[in-house]
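K.L.:
predicted model and sequence follow; I will ask about them next.
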Amino acid sequence: MATEYLTARGRAALLVALCLASAASACGGAARSTPRVAPVASTARQSESCQPGVAAFDRREFSAAAAAFDQCISANPADAYTYYRAGLAYYEINRADLMVTRFESFVRLAPDAPERPEVESILRTARARP
């Protein structure tokens, strides 16, 4: 169920999917890797309020990043990639429920985005969890 926290197996499956989706895949090694929030086509259109989220994500301050992205979503609810970034941040803080809702919004707002197949794979994995 999407409102439950991810199990270790579920987190591993999502990490694999996120690593595949990340353009700068740094998934090797024993330590858990976090995909960087890569620049996306809509970056130029985003307000400056999203930059704190990107900066916090890059510093691995995922709770702060999620909160910043949610503030940006409130200010600009049509920006699909802010939902995408928020989904990544919520994944990192083990909030599958919020990750799923943000990724669902991303898919709805950006049906032709190149990230869509990977995001849909992540959503299928999250929904299939017991």
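P.N.:
Good, I have the coordinates.
K.L.:
low-confidence regions, the chain specifically.
P.N.:
Residue ranges of the chain with pLDDT under 70: 1-49.
K.L.:
can you report how many residues neighbour Tyr81?
P.N.:
24 (other C-beta atoms under 10 Å). C-beta coordinates here come from the backbone N, C-alpha and C atoms, glycine included.
K.L.:
checking it next. Helix, strand or coil?
P.N.:
Following DSSP: H, G, I helix; E, B strand; the rest coil, we place Tyr81 in the helix state.
K.L.:
could you do Pro111 as well?
P.N.:
Pro111 is classified as coil under three-state DSSP.
K.L.:
give me phi/psi at it?
P.N.:
Per-residue torsions, Pro111: phi -60, psi -20 (degrees, to the nearest 10).
K.L.:
and it, how close does it get to Val119?
P.N.:
11 Å (C-beta to C-beta, to the nearest Å).
K.L.:
among those two, which residue is more densely surrounded?
P.N.:
When neighbours are counted by other C-beta under 10 Å, Pro111 and Val119 differ, and Val119 comes out ahead with 23 against 9.
K.L.:
from Tyr83, how far out is that one?
P.N.:
10 Å.
K.L.:
list residues touching both of those two?
P.N.:
Phe103, Phe106 (C-beta atoms under 8 Å, 6 or more residues apart in numbering).
K.L.:
tell me the buried residues in stretch 80-98?
P.N.:
80-92, 95-96, 98 (16 or more other C-beta atoms under 10 Å).
K.L.:
check contacts around Thr82.
P.N.:
Contacts for Thr82 (C-beta under 8 Å, 6+ apart) come out as Gln46, Cys50, Gly53, Phe69, Cys72, Ile73, Asn76.
K.L.:
closest to Arg60 out of the buried residues of stretch 80-98?
P.N.:
Distance ranking of those against Arg60, using C-beta to C-beta, places Glu92 first at 7.9 Å.
K.L.:
backbone dihedrals for the nearest residue to the closest one once chain neighbours are set aside, both of them.
P.N.:
Closest residue to Glu92 apart from its sequence neighbours, by C-beta to C-beta, 6 or more residues apart in numbering: Phe62 at 3.9 Å. Per-residue torsions, Phe62: phi -70, psi -30 (degrees, to the nearest 10).
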